[in-house]
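Colleague: Any chance you could fold what I've pasted below:
(4 chains)
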2 protein chains.
Amino acid sequence: MVEESSRIAGPELRADARRNRGRILVAAREVFAEHGIDAPMATVARRAGVGVATLYRRFPTRDALVRAAFAQQAETCGRALTEALADPDPWRGFQRLVETVCELQREEQGFPAAFVAAFPDSAAEHAQARERAERDLMTLVRRAQTAGALRADFHPSDLAVALLAHCGLVTALPHDGAASRRLVAYLLQSFRAEAAHGALPPPSALSLGGLPLAADGSQRQRPSRA
Amino acid sequence: MVEESSRIAGPELRADARRNRGRILVAAREVFAEHGIDAPMATVARRAGVGVATLYRRFPTRDALVRAAFAQQAETCGRALTEALADPDPWRGFQRLVETVCELQREEQGFPAAFVAAFPDSAAEHAQARERAERDLMTLVRRAQTAGALRADFHPSDLAVALLAHCGLVTALPHDGAASRRLVAYLLQSFRAEAAHGALPPPSALSLGGLPLAADGSQRQRPSRA
DNA sequence: GTCCAAACGGACGGTGTCGTCCGGTTAAGA
DNA sequence: TCTTAACCGGACGACACCGTCCGTTTGGAC
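Modeller: Residues are numbered from 1 along each chain as shown, chains lettered A, B, ... in the order given. This is a model prediction of the structure:
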């Protein structure tokens, strides 16, 4: 992904501003991972060693900060997807993708929530990247199914379901790597063609690719207030 | 479960007080399901048609309210467990239990979070009920394994892992029943003995029964503030 | 009907976060 | 070195929720 300023043909931040921007992003990742996605902005600012004003100047909304902070992780996901497609073994590629993303969720505990929170309305900005991811993912799934490794009734949205469930697990148990790994192992085994025993209920209507959400992105549980 | 007042040999609430207590519980369930477990107390009070003071008088802490509001659901879980043990088919009993609890999580969206939030320190109050649940659960698992239906490497904590993951899913997608049902179907299939292909990573150290948490119950992600 | 303790509810002070404003500071070009 | 525009950060007002206080109402016993 290109440097942001050059994309917008921006006015080239001054040296100190650029330095502070970097510090803020680092601090944001740390704080979000430690205290959750909606830790006070002031905490991030303090950790970064800057004032709140500086933070708000650079990232007008919490959402903007979250998105920027986890852009790197999103890129990692994209790369994992590419690598998965490059794997000559279709199943191994699929498996590695799931494991990599879940590992990322496990390590950066802020990431899963960010993943869910950041994507619903990022359509405009990352449209083409998202679209491409969606296409690649579809290819990966089809390929693994054709090879007879991934069960035929696997629906691409199932990946989103699995990732969201795993996200919920690591959010509830931030320090239990064993639980996370267990869940991933179970899910992967149930995705294998040999595991297909009974019929599955109809798949979700979730859009995949950039990942969720359901039709109304605003309807998430936690953040809503009366 | 016995009526609370009689358990504590309480001073018998006055008629209006009892009526209001009931209204509060109903309102709490509705509000928690709609706005999440940490909706403002005032919202609950307003919905119940009482003042905040009345609410606080009856339930001094949010935790007390949550616990009381979902006691009924907890009881339903206990009953489901008993029924599961009564089922002559060990696997069907196990399967029904999982499906019932997950259905409850799906319907009462506040419930899963309450489940997680309420149990860490309820040791004293529900100790014996919890202990019994734990024992029954163990029996259910062993029985299904002995029958050759449930995979041998299934660990009781896996149930907690699965329920927490499902909890996370329905929290993220409150209105997507299809996603929930899909996840449950996948998980159940992967728990079947025939699905055991590769080895699983070591199980989590989660305590089961009354359900989680990890050692430090306070370490949950969302509620924590700086 | 009378009385009182229990219950009620609105109002209020306290706390924590948000996001902006403004006077001081500094990078960088002339 | 000097100038200036960009940048910085602490302070501040707005807001939401919390939990308590207190004057008023009401159930129910006599």
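Colleague: In the longest helix belonging to chain A, which residues are buried?
Modeller: Counting residues, the longest helix in chain A under DSSP state H turns out to be helix A:123-146. Within helix A:123-146, the residues that qualify as buried are A:126, A:129-130, A:132-134, A:136-137, A:140-141, A:143-145, counting by 16 or more other C-beta atoms under 10 Å in any protein chain shown. For the C-beta atoms, the positions are set from N, CA and C on the backbone; glycine is no exception.
Colleague: now swap in stretch A:72-86 and tell me
Modeller: Residues of stretch A:72-86 classed as buried under the neighbour-count rule (16+ other C-beta under 10 Å) are A:73-74, A:76-78, A:80-81, A:84-85.
Colleague: Considering these, which is situated nearest to residue A:193?
Modeller: Within these, the smallest distance to residue A:193 is 17.8 Å, found for residue A:84 (C-beta to C-beta).
Colleague: Return the nearest residue of chain A with respect to chain B.
Modeller: Closest to chain B within chain A is residue A:168: 0.9 Å, counting by C-beta to the nearest C-beta.
Colleague: Next SSE downstream of the host helix or strand of that residue?
Modeller: Using DSSP states H and E, the secondary-structure element containing residue A:168 is helix A:156-172. Counting by DSSP H and E, the next helix or strand C-terminal to helix A:156-172 is helix A:177-191.
Colleague: Show me what counts as buried in that next one.
Modeller: By 16+ other C-beta under 10 Å, the buried positions in helix A:177-191 come out as A:178-191.
Colleague: what does stretch A:98-116 contact?
Modeller: If you take C-beta atoms under 8 Å, 6 or more residues apart in numbering or on different chains as the criterion, stretch A:98-116 is touched by A:29, A:31-34, A:36-37, A:66-67, A:69-70, A:73-74, A:76-77, A:80, A:159, A:162-164, A:166-168, A:170-171, A:174, A:177, A:180, A:184, A:187-188, A:211-213, A:220, B:172, B:221-222.
Colleague: average pLDDT across that stretch?
Modeller: The average pLDDT within stretch A:98-116 is 81.
Colleague: wait, does that stretch make contact with DNA strand C?
Modeller: No. Against DNA strand C, stretch A:98-116 shows no contacts by C-beta under 7 Å from any atom of the strand, the least distance being 14.2 Å.
Colleague: I'd like the distance from that stretch to the chain centre, please.
Modeller: In terms of C-alpha atoms, centre = their mean, to the nearest Å, the gap separating the centre of stretch A:98-116 from the centre of its chain is 6 Å.
Colleague: Output that stretch as CSV, restricted to C-alpha atoms.
Modeller: The C-alpha coordinates for stretch A:98-116 follow below in CSV (Å, rounded to 0.1, in the frame of the first residue of the first chain):
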residue,chain,number,x,y,z
VAL,A,98,-7.0,-19.4,8.5
GLU,A,99,-4.2,-20.1,11.0
THR,A,100,-2.3,-17.0,10.1
VAL,A,101,-5.3,-14.7,10.5
CYS,A,102,-6.3,-16.3,13.7
GLU,A,103,-2.8,-16.0,15.0
LEU,A,104,-2.8,-12.3,14.2
GLN,A,105,-6.1,-12.0,16.0
ARG,A,106,-4.6,-13.8,19.0
GLU,A,107,-1.5,-11.6,19.1
GLU,A,108,-3.0,-8.2,18.5
GLN,A,109,-6.1,-8.4,20.6
GLY,A,110,-7.3,-5.1,19.4
PHE,A,111,-7.2,-6.3,15.9
PRO,A,112,-10.2,-8.5,15.8
ALA,A,113,-12.5,-5.8,17.1
ALA,A,114,-10.9,-3.3,14.8
PHE,A,115,-11.5,-5.7,12.0
VAL,A,116,-15.2,-5.8,12.7
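Colleague: quick check, residue A:55 in a helix?
Modeller: Yes. Assigned with DSSP: H, G, I helix; E, B strand; the rest coil, residue A:55 falls within a helix.
Colleague: count of residues packed around it?
Modeller: Neighbours of residue A:55 under the rule other C-beta atoms under 10 Å in any protein chain shown: 23.
Colleague: In JSON lines: the buried residues of helix A:177-191, plus pLDDT and distance to residue A:97.
Modeller: Below are the buried residues of helix A:177-191 laid out as JSON lines (pLDDT from 0 to 100; distance: C-beta to C-beta, whole Å):
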{"residue": "A:178", "pLDDT": "96", "distance to residue A:97": "21"}
{"residue": "A:179", "pLDDT": "96", "distance to residue A:97": "21"}
{"residue": "A:180", "pLDDT": "96", "distance to residue A:97": "16"}
{"residue": "A:181", "pLDDT": "97", "distance to residue A:97": "16"}
{"residue": "A:182", "pLDDT": "97", "distance to residue A:97": "19"}
{"residue": "A:183", "pLDDT": "98", "distance to residue A:97": "16"}
{"residue": "A:184", "pLDDT": "98", "distance to residue A:97": "11"}
{"residue": "A:185", "pLDDT": "98", "distance to residue A:97": "15"}
{"residue": "A:186", "pLDDT": "98", "distance to residue A:97": "17"}
{"residue": "A:187", "pLDDT": "98", "distance to residue A:97": "13"}
{"residue": "A:188", "pLDDT": "97", "distance to residue A:97": "11"}
{"residue": "A:189", "pLDDT": "96", "distance to residue A:97": "16"}
{"residue": "A:190", "pLDDT": "96", "distance to residue A:97": "16"}
{"residue": "A:191", "pLDDT": "97", "distance to residue A:97": "12"}
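Colleague: which among those gets closest to DNA strand D?
Modeller: residue A:179 (29.6 Å; C-beta to the nearest atom of the strand).
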